[in-house]
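Colleague: Kindly return the folded structure for what I paste below:
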Amino acid sequence: MAGDPETGIRAARQGDVAQLNKWLAAGNDPNRHDQSGWNALLWAAARGHVAAVSLLLDNPYRCADVAVAHASSGALPIHLAGQSGSVAVAEALLAQRPDHLDAVWDLNGHTILLQAVFYGHKDLARALLARGASTAITTARGLGPMELATQFQNREMMDILRPHDVPAEAKAEYYRSYLARIAVPVSAAEQASQQLSDRMVSLIETGIRNAARDPQAVDATLSAVRALVETEGADVNRLGGPLGQPPLVVTVTGNNGEPANPDMVRLRRELAAYLLAQGADPARHERHPMGASTIIRASVFNHLEILKLCAAHMSPQALADALNEYPAVNGLTALHDSVLRTTMAGPDRVEGYLEQTRWEVASGARSDIEDFAGRTQRNLAEQATDPGLRQRLLEILDHPQAV
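Modeller: This next block holds a predicted model:
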């Protein structure tokens, strides 16, 4: 069995401690990666298998190293423990490396606390805050833990975080350092094209932000983007901005306020329609924060109208493929995001997420794909605490209406 990484990695993913012990006893290296970039400890942490994690960290053969990251995404075991939500796994990992409490996963900017907030793991968030986890560290989009919880209307999480929150200036200072760290050098030959793409991303971000308080920002932004594309030759699929994102992904990133601001809604919709008409690819992936496409990002924020616009520019198979793929940060498909956010959303947004869930299933989204923590879309629906909402979600997964 020595020299066989797949057997041990499979055992760790399944929480099969007996098989894992046999694999370690045969002389296998628990730090070895498989072809997808995973090792045994990463999978055990992601799945929340505390017995497997404990064995990997403390055995008489060869112990796993908590500092060995995922080979492609750069995630540490502590970050994946934040996805599973296991307090016991997090404590075991932090006992080995207390400094990993605030270790940052550069792909999405998350610490384990930000992971806990993103996935709604309240007990884990409490435990991390009790240890002194920083609330100044932000996501790749500049959101601290409080802002991240607010974005998803997770009021219980907001209450947990509020006594530990820090001033906005501290978060802004940290965010500047993060962006400097992830900056990608641009060759002289590419600088002109890159500047156009950076300007487009900045225009879209600023325009959406300004539309929240100035209706005139809608037409001004649309006009400026058209000029960049039609007059200056900006590429609608080139990655731009500090996070390396296609303009269409930028267009669907973020919600429209609470309650939704109609000018922000209109600007996002008309920008998306224009970019798609100009050849923007809804399946084009960003660099940060998730390596995701427009289909996944629009699902996170319930931009169903834009998802339908994207569908009109894709074949049914291409749309189904995009709905069922998952980014390297979490294994969450578009339908995972729709179901997860339905269970967290405020009363004014639940119906929108339910409608989006129905549309995605009817468009080919599967409900049996496991995320990195081992949860299918159906599992997430089954875990909804509201019985009525749980029933509605499961009915949608089983009996979607025709698109």
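Colleague: going forward, measure contacts between C-alpha atoms and count neighbours the same way
Modeller: OK.
Colleague: gap between the residue nearest to N330 when sequence neighbours are not counted and A260?
Modeller: In space, and not counting its chain neighbours, N330 is closest to F372: 5.8 Å by C-alpha to C-alpha, 6 or more residues apart in numbering. If you measure F372 against A260 using C-alpha to C-alpha, to the nearest Å, the figure is 32 Å.
Colleague: which residue is nearest the centroid of this protein?
Modeller: With distances taken as C-alpha atoms, centre = their mean, M290 lies nearest the centre of the chain, 5.2 Å away.
Colleague: Might one say that it is in contact with G331?
Modeller: No: shown here, M290 and G331 do not form a contact pair, counting by C-alpha atoms under 8 Å, at 10.2 Å.
Colleague: before we move on, the earlier item: more neighbours: which of F372 and A260?
Modeller: Comparing F372 with A260 by other C-alpha atoms under 10 Å, the one with more neighbours is F372, at 23 against 13.
Colleague: Does the more buried one touch P327 like I think?
Modeller: No: F372 lies out of contact with P327 (C-alpha under 8 Å); the separation is 10.3 Å.
Colleague: OK, contacts around the residue nearest to the centre of the chain?
Modeller: Residues in contact with M290 (C-alpha atoms under 8 Å, 6 or more residues apart in numbering) are L107, N108, P327, A328, V329.
Colleague: tell me the phi and psi of it?
Modeller: phi -130, psi -10 (degrees, to the nearest 10).
Colleague: With H110 instead?
Modeller: For H110, the backbone dihedrals (degrees, to the nearest 10) come out as phi -80, psi 140.
Colleague: Could you do the one 5 residues further on as well?
Modeller: Geometry field for Q115 lists phi and psi as phi -60, psi -50, criterion degrees, to the nearest 10.
Colleague: Grab the nearest non-local neighbour of it.
Modeller: Q115's closest residue in space is G82 (C-alpha to C-alpha, 6+ apart), at 5.0 Å.
Colleague: The one you found: neighbouring residues, count only.
Modeller: Counted with other C-alpha under 10 Å, G82 comes out at 30.
Colleague: The one 5 residues further on too?
Modeller: Using other C-alpha under 10 Å, V87 is surrounded by 20 other residues.
Colleague: Next: L179.
Modeller: 17.
Colleague: Doesn't it belong to a helix?
Modeller: Yes: counting by DSSP: H, G, I helix; E, B strand; the rest coil, L179 falls inside a helix.
Colleague: The residue nearest to it when sequence neighbours are not counted sits in which helix or strand?
Modeller: Spatial nearest neighbour of L179, excluding adjacent residues (C-alpha to C-alpha, 6+ apart): P242 at 6.5 Å. Using DSSP states H and E, P242 falls within no helix or strand.
Colleague: Would you check that A320 makes contact with A365?
Modeller: Yes: using C-alpha under 8 Å, A320 makes contact with A365 at a distance of 6.0 Å.
Colleague: Comparing those two, which shows the higher neighbour count?
Modeller: Taking other C-alpha under 10 Å, A320 and A365 do not tie; A365 has more neighbours (25 against 19).
Colleague: Enumerate every residue touching that one.
Modeller: Taking C-alpha under 8 Å, 6+ apart, we find A365 in contact with A320, L323, N324, A334, L335.
Colleague: and if you look at L304?
Modeller: Applying C-alpha under 8 Å, 6+ apart, the residues near L304 are A298, G352, Q356.
Colleague: name the helices or strands packed onto the strand or helix carrying the first one?
Modeller: With elements delineated by DSSP H and E, A298 resides in helix 294-300, which encompasses its position. The elements that helix 294-300 packs onto, with contact taken as 3 or more C-alpha pairs under 8 Å, 6 or more residues apart in numbering; DSSP states H and E, are helix 247-252, helix 304-311, helix 316-324, helix 334-344.
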